[in-house]
Structure formats: structure tokens, C-alpha cells
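**Student:** Provided below for reference: sequence and predicted model.
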Amino acid sequence: MMMISLQELCAGIPLHPLPPNRGRDEGVPHAPIRTPQLSAEEEKLALENALRYFPPEHHSTLAPEFAEELRQYGHIYMYRFCPKIHMRAYPISEYPCKTQKAAAVMHMIMNNLDPAVAQFPQELVTYGGNGQVFSNWAQFWLVMHYLSAMTEDQTLVMYSGHPLGLFPSHPGAPRVVITNGMVIPNYSSRKDYEKMFALGVTMYGQMTAGSYCYIGPQGIVHGTVLTVLNAGRRYLGLEDLAGKVFVTSGLGGMSGAQAKAAAVVGCIGVIAEVDENALVKRHKQGWLMEITKSLDECMQRIRKARRDKETLSLGYHGNIVDLWERLVEEYEKTGDLLVDLGSDQTSCHNPFSGGYYPVQLSFTEANEVLCRDPQVFRKLVHESLCRQVSAINKLSDKGMFFWDYGNAFLLEAQRAGADVECKGGRGTEFRYPSYVQHIMGDIFSLGFGPFRWVCTSADPSDLKVTDQIAGDVMEDIIAQGVSDAVKKQYKDNIRWIREAGEHKLVVGSQARILYSDQKGRISIAVAINRAVASGQVKAPVVISRDHHDVSGTDSPYRETSNIYDGSAFCADMAVQNFVGDSFRGATWVALHNGGGVGWGEVINGGFGLVLDGSPEAEQNARTMLSWDVSNGVARRCWSGNRNAYDTIIRTMEEDRSLRVTLPYDIKDRTVLDAALRDK
Ligand SMILES: NC(=O)c1ccc[n+]([C@@H]2O[C@H](COP(=O)([O-])OP(=O)(O)OC[C@H]3O[C@@H](n4cnc5c(N)ncnc54)[C@H](O)[C@@H]3O)[C@@H](O)[C@H]2O)c1
């Protein structure tokens with residue numbers, strides 16, 4: 001079959017003739033079957049909704065096919081329209097377009113759907129099991145068409161995967177405004193989501209999937225490296241983790257990075273994964289050094305690696321609960337505590353639809369039961385979570401340190417009835433800490449977060465130049481003088497960026513992640529923009545960040561888990577961030593319900609900004625990035641956080657036009673009790 005060109009891809013939905021229906025490609029992994037349990041009326045509505053994208057002459061051909069997809073897979077993906085093209089981020093110059101900004105968006109979209117990057121490419125899922133770029137393939141074709149035709153006087157409006165259209169705007173406005181999963185709060189239950197997704201009217205955009213800013217597992221390798229390093233410092237008092245064992249689960253989209261991170265920090269990472277496809281993908285990629293199906297072998301290998309202080313990433317093909325229980329057994333039999341650090345990165349934000357596989361069933365059986373009997377599946381997940389926590393508790397009582405990896409593991413375990421209570425803790429705390437605040441060291445309050453950029457030339461030599469620029473910029477900032485807390489963060493990040501090229505972390509687009517604060521982000525963006533202007537970097541660079549950041553995400557058990565003024569369940573910060581970025585120069589902005597910890601549990605947003613070397617791009621980077629960081633720091637300061645207070649004071653000193661409302665301390669807390677008693 002002939003491949004189509006980018007020009008054909010941007011020509012709109014192919015209708016004359018319709019492409020042949022090749023069905024699903026069995027050569028790529030597929031999303032778990034969705035179980036929306038639609039009524040007959042709702043099924044009809046889902047079908048009607050899907051057919052809206054096509055003229056009536058094709059309805060008799062497409063209706064039975066779409067109905068079959070709905071029955072078989074629980075969603076209408078429109079497999080017939082999955083384009084016959086090598087899906088990847090092409091150099092920006094190859095996209096047909098009227099503005100380079102739109103071409104940059106196309107570059108990012110195609111990266112999110114690249115089979116080397118995406119978890120379930122044919123279901124348009126980038127990561128996290130259900131992180132959709134679009135809901136169906138008709139939307140993809142339409143979006144590519146709109147982007148190739150748009151001018152700087154238009155904005156593309158995206159409603160949960162659906163392109164509402166190009167609307168007149170102006171060159172200073174975002175070129176794309178995306179909202180994903182925005183529903184009326186009372187209708188934000190998981191059940192509502194399953195139905196609305198099947199109807200094709202909403203979707204789960206995760207964080208960077210639905211905003212086109214995913215850069216492959218590298219994004220999380222960096223975060224995981226910092227997390228494991230900091231966990232070692234904090235819990236084990238060690239800088240060097242040689243011979244220390246980190247046990248966790250998941251080798252999927254994000255979780256796969258744990259294997260690489262273990263190798264980067266030089267410890268022994270042992271990662272359980274039930275899905276052979278995911279395991280083999282990471283092994284072939286070289287991120288997982290060894291694999292085994294045998295727990296006996298696993299134990300022997302851990303012992304040897306500990307003895308020899310080897311750097312190792314070992315994939316165990318099996319259920320994480322079996323691995324934890326075996327580690328308990330080993331301890332009980334021999335007194336050897338074979339694990340020092342532990343976590344979990346199954347997709348617990350989506351536990352009943354294939355995110356978490358219960359230990360009582362094989363992988364294949366689990367997928368069957370999930371579709372056949374969702375209630376039984378749910379019960380098994382709950383039992384499995386309780387067994388997992390019970391084993392973790394036993395090992396942690398003996399000295400292992402465990403943390404929640406931002407996947408709602410502890411939240412779901414609590415809902416399942418597991419013993420994860422934090423005695424005397426505050427509302428959002430559990431028996432084990434969440435990695436964001438407790439391990440990473442309250443970095444968000446200092447303004448640090450996962451900043452990243454993508455070289456749209458697709459040329460590795462451009463990435464090398466930008467790595468060099470970023471490292472030099474950070475060294476300059478340190479030389480100008482920063483606080484000790486900030487210097488520590490910078491030092492870890494300088495080491496990261498200086499070694500990043502050698503670690504061959506790029507999967508898909510030529511992208512780099514780097515944790516940085518406001519000053520660092522702006523200085524790096526400005527320096528890169530100037531390099532684009534001078535031709536040192538050959539094509540525009542997109543800057544962006546994970547939504548999981550200082551200001552981007554309101555998530556009471558993760559990013560905002562240390563907000564103690566009662567506002568942890570409020571989402572003003574993330575919404576304000578999205579709006580504020582949109583009129584301060586972002587090229588595109590996105591706001592999502594869900595992401596990370598699950599539908600209804602979090603609101604998060606992000607942006608893309610194209611650095612094309614122009615003075616306007618430099619100005620946009622300065623204005624937008626300062627808001628994009630200071631918004632969250634100011635909010636964290638208002639909630640009583642001392643680091644955030646100091647950070648925002650310093651920022652106000654540097655920028656006199658910033659004036660933040662500062663909280664007064666309650667010096668004498670007895671006035672509170674006295675006042676309430678008097679009442
Ligand atoms: N730490 C972070 O910064 C961060 C960032 C983004 C997302 N997350 C969260 O981490 C989770 C994982 O993300 P992902 O993109 O890797 O998801 P994913 O679905 O791609 O990967 C999870 C993997 O866990 C495996 N798995 C499920 N149950 C298992 C079990 N009982 N035993 C062994 N393996 C099992 C699955 O087969 C799957 O491959 C999600 O909940 C995501 O929201 C964390």
C-alpha cells in the first residue's frame with residue numbers, strides 16, 4: 001500500500017474515494033476495550049455523532065462499520081481513517097502551512113501519535129492508558145487541514161478532540177485553544193466519563209497528550225531521576241545509590257522511564273510489568289537491561305547485583321503484587337530486606353478499565369473479565385490493592401521507604417479499604433508521602449518545574465546546541481548568586497543537561513526536558529530564541545512544560561498536596577493559568593479535567609510557545625513565562641508556604657510591576673482558640 005504525503009494528509013478527510021477499511025493493525029498494541037454500558041438510545045446517539053463528520057452518501061457504508069467498533073471496542077475510533085503515513089514529527093519546513101506556528105503544532109501532534117512514542121497509536125492514545133490526542137481519526141484529519149490552512153488572524157478552537165473550527169482572531173492571540181473533558185462538576189464521575197467518551201463528546205486528555213506537548217518518556221526520566229536521587233538523599237542519607245534496590249511497577253508510557261532512571265542514577269531498579277508488549281518495547285529500546293519471568297531468578301539477580309553494586313534495570317514479567325509478596329517471603333525466610341526504596345506506577349488513575357491488573361488473574365484473563373463482568377473486576381482490583389498494600393506495609397515496617405508516584409495509588413488503595421491511613425495527618429495525607437512535595441523538596445514553591453523544548457527542525461544537532469545553551473545559562477545564573485535551595489536544584493539540572501545527550505533519551509521529536517525556575521526558564525527561552533534568530537539553531541523551537549507544574553495543576557493529592565489553607569480542592573490556579581497564558585503570548589493553550597490522578601480528581605493546563613527568533617517571541621517568552629510561574633508561587637505563598645513567600649518576594653524585587661497580596665502570619669495562635677471559645 002502506498003504511503004500518503006503530508007500534502008495529502010492536510011487536504012481534509014479523504015472521501016473521494018473513501019480509504020479502504022483495513023480494520024485494526026494487529027502489529028501495534030491496542031487500548032483495553034472500553035465498557036461504557038450505553039443504552040440502545042445512547043448507542044444510536046454515538047453513531048449519529050460519529051456520522052456527523054461525513055456526507056450522507058457515505059453513511060450506509062460507515063454506519064455498520066462504526067456500530068461494530070462501538071460494540072467490539074466500546075468506542076468509535078474510525079480505524080478506516082487511520083492514515084497510511086509514517087506517523088512522526090517531520091521537520092517543520094515539510095508541512096504545508098500559512099504560518100509556521102501552525103506547522104509547529106502539526107509537528108507536535110504527529111509526535112504524540114508516532115507509534116514509537118504513543119502507547120496505543122491506533123486509538124489515538126499517547127500515554128497513561130487513556131490519554132487521548134483526539135477521540136477519533138476524523139478529528140485528526142480535520143485538525144491537520146485547519147492548521148495547514150490557518151492564518152495568523154485565526155484561532156482553532158478544540159472541544160475535547162473536536163475541532164469546532166477556525167475563528168477570526170489576531171496575530172497576538174493563541175493559534176489554538178484546547179479544552180479537554182470540561183464538564184459540569186456534578187457530572188464528572190467516572191461513569192459519566194465512560195458514557196460521554198463513547199458518545200464522542202468528551203475525552204481524557206491526560207496532561208500532555210491532549211495538549212500535543214508529550215515528548216516521550218524522557219519527560220519523566222528526568223523527573224524520576226530527580227525523585228530517586230532525592231529519595232536516596234532524604235530517606236537513606238546517600239548521594240550514591242550503588243547497590244540500593246528500587247522496586248516499582250509499570251513499564252508503560254510514563255512508567256517505562258523508571259527503568260532508564262534506575263540506570264542513570266546507578267541503582268538496581270526492579271520493575272514488574274504484566275503486559276509483555278510493554279516490557280519487550282522497553283527492553284528493545286535499551287531502557288530495560290534484563291528481563292525475567294521467574295521470581296526465583298529475580299531474587300537471585302537482586303542478591304548478586306546488591307553484592308556487586310551493579311547498575312541494573314530488571315524487568316519482571318508478572319504482577320507487582322506477586323513481586324511484593326515474594327520480597328516479604330524472602331525477608332521472613334532469610335531476614336534479608338532486599339528492597340530499600342519502593343513505589344508504584346500502574347495506571348491507578350484508571351483502575352477499573354485496564355489501568356491496574358489484579359493479581360488473581362493472568363493478563364489475558366483480566367482483559368476478558370474486565371469486559372465481561374466489570375463488577376467482578378472491580379472487586380478483584382480492590383482485593384489486589386489491599387494485598388499489595390499489606391506487603392508494602394510489612395516491608396516498610398522493616399525499613400523500606402515507599403512513596404506514591406502521582407498515580408492515585410494510595411487514593412485508590414484507601415478506597416479499596418487498604419491500610420494507608422496517616423495517623424494524625426491532614427486531609428490529603430496518607431501513610432506514605434507523595435513524591436511531588438515530600439521527595440522533590442517542595443520545588444514548586446521555588447518555581448521549579450518540568451520545562452521543556454522541542455527543536456522543530458527534527459535535527460539532533462540543533463538539540464545539542466540548545467543543550468549547551470541551557471547548561472551555560474544555568475551556570476551563569478548560579479554565578480550571579482542564588483539561594484542555597486535554588487543552587488542545589490540548579491546543580492542537579494546542570495548535571496542532567498550536560499549528560500543528557502550521552503544517555504540517548506530522545507524518542508520521537510528532538511526534545512529536551514529540564515527542571516527550571518522562572519529566571520532559568522526565561523533566560524533559556526530568550527537565549528534559544530536568539531540562537532534561532534542568528535541561525536545557530538536552524539528552525540523554530542517550541543517551548544512548553546508538563547502540566548504537572550508550579551501553576552498548571554490543581555490536584556489535591558499530588559501537585560497541590562501541601563496546600564493547607566483549605567483551598568487544595570479549588571481549581572482557580574489552573575484555570576487562571578490557562579487564561580493568563582492565552583493573552584500573554586502562548587501559541588496554544590490547553591485546559592483539562594483529569595490527567596495523572598484521574599477524571600474529576602484534577603484540573604490542569606499547559607501551553608506551547610513557538611520561538612521563531614522574532615523580537616515578539618522573546619517578549620512573549622518573558623511575559624508569559626513570568627506569569628506561568630509566578631501565578632502558582634503567589635498562590636502557594638498565600639496558602640502559607642514559606643519557600644513560596646521568599647521566592648515571590650525576590651521576584652517582586654526583580655520586577656517592580658509585580659505586586660502580590662502577601663499573607664500576615666498569626667504570631668499568637670492562642671487568639672484563635674480564645675476567640676472560638678468565647679463564641
Ligand atoms: N510520576 C509522574 O510524574 C507521573 C506523570 C504522569 C503520570 N503518572 C501516572 O503514572 C501512572 C502510569 O502512567 P503510564 O503513562 O506509564 O501508564 P501506562 O498505562 O502506560 O503504564 C502502566 C503500566 O502498568 C502495568 N500494570 C498495571 N497493573 C499492573 C500490575 N498489577 N502489575 C504490574 N504491572 C501492571 C500496565 O500493564 C501498564 O503497562 C498513571 O496513573 C499516570 O497518570 C505519573
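**Tutor:** Great, that's in hand.

**Student:** follow the chain on from the one helix or strand in the chain whose mean pLDDT sits lowest and name the next helix or strand.
**Tutor:** Ranking every helix and strand in the chain by mean pLDDT, DSSP states H and E puts helix 218-231 at the bottom, with a mean of 88. Following helix 218-231 in sequence order, the next helix or strand is strand 245-249 (DSSP states H and E).

**Student:** now do that following strand, average pLDDT.
**Tutor:** Mean pLDDT, strand 245-249: 98.

**Student:** I'd like the distance from it to the chain centre, please.
**Tutor:** 20 Å (CA atoms, centre = their mean, to the nearest Å).

**Student:** quick one, the following helix or strand past that strand and strand 245-249 angle?
**Tutor:** Using DSSP H and E, the helix or strand that follows strand 245-249 towards the C-terminus is helix 257-265. What separates the directions of helix 257-265 and strand 245-249 is an angle of 160 degrees, with axes from the mean of the first three to the mean of the last three CA atoms, to 10 degrees.

**Student:** ok, and what's touching stretch 490-499?
**Tutor:** 222, 225-226, 229, 264, 467, 470-471, 474-475, 477-478, 482, 512, 514-516, 520 (CB atoms under 8 Å, 6 or more residues apart in numbering). For the C-beta atoms, the positions are set from N, CA and C on the backbone; glycine is no exception.

**Student:** can you give me the buried ones in that stretch?
**Tutor:** 490, 492, 493, 494, 496, 497 (16 or more other CB atoms under 10 Å).

**Student:** same thing with stretch 105-116?
**Tutor:** In stretch 105-116, counting by 16+ other CB under 10 Å, buried: 105, 106, 107, 108, 109, 110, 111, 112, 113, 114, 115.

**Student:** can you classify the residue of the stretch 351-500 of the chain found nearest the ligand by secondary structure?
**Tutor:** For the stretch 351-500 of the chain and the ligand, the shortest gap (CB to the nearest ligand atom) falls at residue 407, measuring 3.3 Å. Of the three states, residue 407 takes coil under DSSP: H, G, I helix; E, B strand; the rest coil.

**Student:** that one - how many residues pack around it?
**Tutor:** The local packing of residue 407 (other CB atoms under 10 Å) involves 29 other residues.

**Student:** now for it: which residues touch it?
**Tutor:** Neighbour list for residue 407: 250, 344, 345, 346, 347, 348, 349, 596, 597 [criterion: CB under 8 Å, 6+ apart].

**Student:** and the buried residues of stretch 490-499, which is closest to residue 432?
**Tutor:** Within those, distances to residue 432 taken as CB to CB reach their minimum at residue 492, with 23.2 Å.

**Student:** would you map the helices across the stretch 1-150 of the chain?
**Tutor:** Ranges of helices within the stretch 1-150 of the chain are 6-9, 40-51, 59-73, 100-112, 137-149, based on DSSP state H, counting those that start in this stretch.

**Student:** would you reformat those as JSON lines and include distance to the ligand and mean pLDDT?
**Tutor:** Below are those laid out as JSON lines (distance: least, CB to the nearest ligand atom, whole Å; pLDDT from 0 to 100):
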{"stretch": "helix 6-9", "distance to the ligand": "27", "mean pLDDT": "98"}
{"stretch": "helix 40-51", "distance to the ligand": "25", "mean pLDDT": "98"}
{"stretch": "helix 59-73", "distance to the ligand": "17", "mean pLDDT": "98"}
{"stretch": "helix 100-112", "distance to the ligand": "13", "mean pLDDT": "98"}
{"stretch": "helix 137-149", "distance to the ligand": "21", "mean pLDDT": "98"}
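
**Student:** that older thread, using ChimeraX, define a selection of the buried residues within the contacts of stretch 490-499.
**Tutor:** To isolate the buried ones among the contacts of stretch 490-499 in ChimeraX, judged by 16+ other CB under 10 Å, type:
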select :222,225,226,229,264,467,470,471,474,477,482,512,514,515,516,520
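
**Student:** starting at the chain centroid, how far to the least confident helix or strand of the chain?
**Tutor:** For helix 218-231 - counting by CA atoms, centre = their mean - the centre lies 13 Å from the chain centre.

**Student:** can it be said to contact the ligand?
**Tutor:** Yes. Helix 218-231 is in contact with the ligand by CB under 6 Å from any ligand atom, via 220, 223.

**Student:** which bits of the stretch 101-250 of the chain sit near the ligand?
**Tutor:** Counting by CB under 6 Å from any ligand atom, the stretch 101-250 of the chain sits next to the ligand at 119, 127, 128, 129, 220, 223, 249, 250.

**Student:** what about 8 Å?
**Tutor:** Within reach of the ligand by CB under 8 Å from any ligand atom, the stretch 101-250 of the chain has these residues: 119, 127-129, 131, 206-207, 220, 223-224, 227, 249-250.

**Student:** could you give the angle of the least confident helix or strand of the chain to strand 245-249?
**Tutor:** 140 degrees.

**Student:** remind me what helix 218-231 packs against, helices and strands.
**Tutor:** helix 257-265, strand 449-455, helix 484-500, strand 510-516 (3 or more CB pairs under 8 Å, 6 or more residues apart in numbering; DSSP states H and E).

**Student:** so the longest one versus strand 510-516, what angle?
**Tutor:** Which is helix 484-500. 160 degrees.

**Student:** quick one, helix 484-500 and strand 449-455 angle?
**Tutor:** For helix 484-500 against strand 449-455, the angle by the same axes, to 10 degrees is 30 degrees.
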